[in-house]
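> predicted model and sequence below, questions to follow.
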Amino acid sequence: MSLPQPPTPHAYSLGGMRIGVATAATQIEGGDTGNQWYEWSLQPGRVADGSSPLRATDHWNRWREDTELLASLGLPLYRMGVEWSRLEPHRGRFDPETLAHYREELSALRERGIEPLVTLHHFSNPTWFERAGGWTVPDAVDTWLRFVRHVVEGLGDLVTEWCTINEPNVYATGGYLFGEMPPGRTGDWRGLRRVLRHLAVAHCRAYHLVHELQPGRGTRVGFAHHLRVFDPLDPGNPVHRGLARLSEHLFQDVLSDAMLGGRFSRLLGGQPREVRPGPHYDYLGVNYYSRTAVSRLADGTFPGEPVNDLGWEIHPQGLVDVVRGLHERHPGPVWITENGVCDGSDAYRARFLHDHLGALAGSGLPVERYYHWCFVDNWEWSEGDVPRFGIVHLDHSSQERTVKDSGRFLSEAARRGE
Ligand code: FCB
């Protein structure tokens, strides 16, 4: 795959959009055996390269070094997660040392002028929760909200920006339809629907809970929606066209309407008693990676289009298209909570950045923030250690970090910023 090298980041104006990087606790911390991903990684064949989240980037021990590195790149924004299984290792019993650990890290970020955006659920559950049925059971919502309360009460003086849930559509389809994520079910439509409903209710209630605990205008709550472009493989084929529209509706719109608009379709089991229609967001969080060529209900690509190391099409205009579509349905300020590329050689990541940032800059859409996925090369769930999404290279055996060319590119773009 060869994309030309980018011109300098000065080729367009970012119009005040601020830039940072995004991470997730399970993918970087290492050392935690209490979550369902660790158990998953022990099952043969579940993780492509046989690796586990136990090592990852050892961020749990190296967060000081990582914070310095982030500051040295001049990035003003950092999206990070907190590991539920570390904070609540047993149902209802919270670990004060873990909370203290995150407090230290968050204070260090703040001291360096870096604004944290904290994700409360990013694919990872404690094993005690998973064994009790995970998100398929209705009391999952209350169980998680107790955890949310604990975190917001414990960290609220250091954090005002929250991302409740990461990519509920990817989490639920990966775990219940495609068997690519724990608990590894395939074709479990009933489970899928329950999980989506509970996650959507959880977000809506968390939105109000966080605002109740942190009254004030500075509090910003949203969720990170995974959006992709669904285009018919053959635009002349009515089946392809119909399936593209259906995928878009089922995979994204039904959830945006519930989680942002508080309106639950019959597909999600109808309006829950505890959620009233109305806005449940302070920003529109968008994770965007790729486009799907639709000819059936599965991922496909358009022949001849550039793809990344994992075979995902690189389609910068799609970022603008999905943001525009969401913004028309649910107006509000946009935060790109993830966008990135698997490029092991770092040969085309700077170009990717240039094209995606440029597309946003020229779009006229109110995009306030851009969090690039990811910071240091990390553990990519069922793909393992091999895929490299970072702007910082990780040597897995020595844990040495080296800033890539694309990292310098992003840093320059961020410094130029406003
Ligand atoms: C997203 C996930 C993130 C990472 C990237 C590559 O779907 O939110 O954790 O795995 O994909």
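Cool, the structure landed.
> looks like residue 89 contacts residue 96 (just checking).
No: contact between residue 89 and residue 96 fails when scored by Cβ atoms under 8 Å: they sit 11.4 Å apart. C-beta here means a position set from N, CA and C on the backbone, and glycine is covered the same way.
> of the two, which one has the most company?
residue 89 (17 against 9; other Cβ atoms under 10 Å).
> check what pLDDT the more buried one gets.
pLDDT recorded at residue 89 is 98.
> equivalent analysis for residue 73, please.
pLDDT, read off for residue 73, is 98.
> for the closest residue to it other than its chain neighbours, helix, strand, or coil?
In this structure, residue 73 finds its nearest non-sequential neighbour in residue 411, 4.1 Å apart by Cβ to Cβ, 6 or more residues apart in numbering. Following DSSP: H, G, I helix; E, B strand; the rest coil, we place residue 411 in the helix state.
> give me the neighbour count for residue 411.
Neighbour tally, residue 411, other Cβ under 10 Å: 19.
> now it: how far from residue 79?
Residue 411 sits 17 Å away from residue 79, going by Cβ to Cβ, to the nearest Å.
> got it, and residue 231?
From residue 231 to residue 79 the distance is 28 Å (Cβ to Cβ).
> is it true that the residue nearest to residue 73 touches residue 70?
No: using Cβ under 8 Å, residue 411 is not in contact with residue 70, being 9.9 Å away.
> between residue 231 and residue 79, which one's more packed in?
residue 79 (29 against 20).
> surely the more buried one forms part of a strand?
Yes: applying three-state DSSP, one finds residue 79 inside a strand.
> so it is in contact with residue 20, correct?
Yes: assessed by Cβ under 8 Å, residue 79 is found in contact with residue 20 at 6.7 Å.
> joint contacts of these two?
117, 371 (Cβ atoms under 8 Å, 6 or more residues apart in numbering).
> which residues does residue 83 contact?
With Cβ under 8 Å, 6+ apart, residue 83 has these contacts: 25-26, 29, 32, 35, 98, 124.
> list just the nearest of the residues you listed to residue 357.
residue 25 (26.4 Å; Cβ to Cβ).
> contacting residues for the closest one?
Neighbours of residue 25 in contact, by Cβ under 8 Å, 6+ apart: 80-83, 86, 119, 122, 124.
> let's see 7 Å
Listed by Cβ atoms under 7 Å, 6 or more residues apart in numbering, the contact set of residue 25 reads 81-83, 122, 124.
> and the nearest residue to residue 294 once chain neighbours are set aside, how many residues sit next to it?
Nearest non-adjacent residue to residue 294, counting by Cβ to Cβ, 6+ apart: residue 244, 4.1 Å away. Neighbourhood size, residue 244 [other Cβ under 10 Å]: 21.
> find the helix or strand that residue 244 is a member of.
Using DSSP states H and E, residue 244 sits in helix 238-248.
> please report how far the residue nearest to residue 294 lies from the ligand.
According to Cβ to the nearest ligand atom, to the nearest Å, residue 244 stands 20 Å off from the ligand.
> next: residue 25.
Distance from residue 25 to the ligand, by Cβ to the nearest ligand atom: 10 Å.
> and the protein, which residues reach the ligand?
24, 27, 166-167, 170, 226, 287, 338, 373, 380-381, 389 (Cβ under 6 Å from any ligand atom).
> just those residues: which are in strands?
166, 226, 287, 338, 373 (DSSP state E).
> residues contacting the spatially closest residue to the fourth one that is not a sequence neighbour?
When you say that, I think you mean residue 338. Leaving out its chain neighbours, the residue that sits closest to residue 338 by Cβ to Cβ, 6+ apart is residue 287, at 3.7 Å. Residues near residue 287 by Cβ under 7 Å, 6+ apart: 167, 224-226, 337-338.
> neighbours of residue 189, how many?
10.
> for the ligand, see how far away it is.
From residue 189 to the ligand the distance is 21 Å (Cβ to the nearest ligand atom).
> gap between the spatially closest residue to residue 296 that is not a sequence neighbour and residue 249?
Once flanking residues are discounted, residue 296 sits nearest to residue 243: 6.7 Å by Cβ to Cβ, 6+ apart. Plainly put, residue 243 is 11 Å away from residue 249 if you go by Cβ to Cβ.
> kindly report the same for residue 329.
11 Å.
> circling back to that earlier point, go ahead and confirm the residue nearest to residue 296 touches residue 294.
Yes: assessed by Cβ atoms under 7 Å, residue 243 is found in contact with residue 294 at 5.0 Å.
> looking at those two, which one has more neighbours?
Each of residue 243 and residue 294 has its neighbours counted (other Cβ under 10 Å); residue 294 has more, 26 against 19.
> assign residue 228 to helix, strand or coil.
Assignment for residue 228 (three-state DSSP): strand.
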